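Q: Structure for this input, please:
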Amino acid sequence: MAGQILAGIRVLELGQLIAGPFAAKTLADFGAQVVKIEPPGLGDPLRKWRLLHEGTSVWWEAQSRNKQSVCVDLRQKEGQEIIRLLAAQADVLIENFRPGTMEKWGMSWEELHELNPRLIMLRVSGYGQTGPKAREPGFAAIGEAMAGLRYLNGEPGRAPVRGGLSLGDTIAGLHGALGVLLALYQRDARGGQGQVIDAALYESLFNLTESLLPEYTAFGAVREPSGASLPGIAPSNAYRCKDGYVLIAGNGDGIYTRLMSRIGRDDLGKDPGLAHNDGRAARVHEIDGAISAWTAERDIDEVLQAMREADVPSGRIYSVADIARDPHYRARNAIAEIQGASGIRVEMPAVFPILSDNPGAIHDRAPTLGEHTDTVLADAGMTEEQRAELRARGVIA
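A: All right, here's what the predicted structure looks like:
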C-alpha cells in the first residue's frame, strides 16, 4: 500500500501453516505485496485448523490477511517453472519446508541467486539448514523442548507443560521477518545483493532464554521449573485471592518497599537485608508468604485497587473474553475487525508495532483458495492460453 514502509516489496511465500506464513503476514502488514503459493485442492492446511466457519478456519482470516493466493502444484516441473518465473521478479522468497525440499525441486539458494541476484531467501525450519539434525522434522513443540523452555514450564516435580499456542512458530516467524528487514537494508541502503536468512525454530526460542546458559557456564546452575514465580527475582508471582489469582510484580527496590507498606508489613519492607533483589531472592518464600496471606483475605478487585494506589505493577490473568472487552485494548485500537470472504466478521490482533508516521494496516481480507492465480500470473507475463493449458493439466488452479 502506498505510504507504507514496505510498499513495492514483492514477497513470494511458499511455506505452510505457521512459521513462514507468520513472517510473511508481518511483512504484508507493513505494505509488502505477498503472493502466497498454495497447493491446488485444499490449499494451506491452516485453512482447516481449529474452529471453522463454512469450512474455513477463522485463524486463516488472521494469518493470511493482506495476502494474495495463487494455486500451483510444486510437485510438477511446470509448477516449479512458475515459481522460478515469480522468484525472478520477487524481492523476497519465504519457505519453511524441511531442508532439502527446495533443492529437490531445483530451487536451491544457489540456483535462485543465479536467477535473481537481488533475491532475499528466508528459510525457516526446525533445526536450521545445517547440522546433524537439519533434515529431521521439527515442529514448534519440539523446538520449545530443545531450547529449554519446556523444561522450565510447569510446577516443580510435575510433567512439563506448554502454552496453548504455537510460540515456536510465531517467534521464529518474527526472527525471520527481522532477518528479511536487515537483508533488505543491506541490499537497498548499502548496495548489497540478496542473501539467505536461516531461521531455526529452536534457535529463535533459545534466543529468549536470558541468563540460562550464562548461569550454567559460570556456576553450573540449572534453572528448574518454578510454577508461577520468576526464579531469582522477588517478589514476582501469582497470588491467590478469594475469587481467583492476581499477578503482582514487586521486584523493584522502591516498588517492594511500597508493596510491603501497603499490605502492612513494614517489618519486611524496611528490613535492610531485603532492600535489594539478592537479599529478597534468598528469602522469597517468606516474602511470598506474607503477600499471599494478605491477598487470600481479599477479592481480585480489592487487591488490584490497593496495588494501583501503591503504584505497584499488578494485573488480573486475562482470558480471551477479558481481552475482547478490555477498554485499554479498545482505546489503543489493538483489536482489528475483518469481514471474511464468507461474510463472517472476526476480530484479531491489529498491526504491531505501532509506527507514528508509517503505520501498518490491514487493507485486504484473507484470500479464497486460488483467488489471485490469474491476476498474479498474468502480471508475471503468462498469457491466458498458457494459463488455460496449465489449469487443464492441474498445474495451477
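
Q: Quick check: buried residues in stretch 186-202?
A: The neighbour-count check on stretch 186-202 (16 or more other C-beta atoms under 10 Å) flags 187, 194-202 as buried. To be clear about C-beta, it is placed using only N, CA and C from the backbone, and glycine gets the same treatment.

Q: Narrow those to those in helices?
A: Mapping these onto helices (DSSP state H) picks out 187, 201-202.

Q: Name the nearest of the residues you listed relative to S236.
A: Within those, proximity to S236 (C-beta to C-beta) peaks at Y202, which comes in at 26.9 Å.

Q: okay, the nearest residue to L42 once chain neighbours are set aside: pLDDT?
A: In space, and not counting its chain neighbours, L42 is closest to K48: 6.9 Å by C-beta to C-beta, 6 or more residues apart in numbering. pLDDT, K48: 96.

Q: Any idea how many residues pack against K48?
A: Per other C-beta atoms under 10 Å, the neighbour tally for K48 reads 14.

Q: Isn't it up against S57?
A: Yes: counting by C-beta atoms under 8 Å, K48 touches S57, with 6.2 Å between them.

Q: wait, isn't P160 in contact with A141?
A: No: applying C-beta under 8 Å, one finds P160 not in contact with A141, separated by 10.5 Å.

Q: show me the contacts for the residue nearest to L42.
A: 42, 55-57 (C-beta atoms under 8 Å, 6 or more residues apart in numbering).

Q: same question, R265
A: 290, 294.

Q: just the helices in the stretch 201-350 of the chain please.
A: Assigned by DSSP state H, counting those that start in this stretch, the stretch 201-350 of the chain shows helices spanning 201-206, 212-219, 253-262, 266-269, 277-282, 284-295, 300-309, 320-325, 327-331.

Q: Return the member of the ones in helices among the buried residues of stretch 186-202 nearest to T383.
A: For those, the nearest to T383 is R187 (31.6 Å; C-beta to C-beta).

Q: hang on, the earlier thing: would you list the helices of the stretch 201-350 of the chain in TSV and tack on distance to E337 and mean pLDDT?
A: Formatted as TSV, the helices of the stretch 201-350 of the chain follow (distance: least, C-beta to C-beta, whole Å; pLDDT from 0 to 100):
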stretch	distance to E337	mean pLDDT
helix 201-206	30	97
helix 212-219	40	97
helix 253-262	37	98
helix 266-269	46	97
helix 277-282	43	96
helix 284-295	37	97
helix 300-309	29	98
helix 320-325	11	97
helix 327-331	11	97
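
Q: Output those as JSON lines; include the columns distance to D91.
A: Output for the helices of the stretch 201-350 of the chain, formatted as JSON lines (distance: least, C-beta to C-beta, whole Å):
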{"stretch": "helix 201-206", "distance to D91": "22"}
{"stretch": "helix 212-219", "distance to D91": "36"}
{"stretch": "helix 253-262", "distance to D91": "47"}
{"stretch": "helix 266-269", "distance to D91": "57"}
{"stretch": "helix 277-282", "distance to D91": "47"}
{"stretch": "helix 284-295", "distance to D91": "51"}
{"stretch": "helix 300-309", "distance to D91": "48"}
{"stretch": "helix 320-325", "distance to D91": "35"}
{"stretch": "helix 327-331", "distance to D91": "34"}
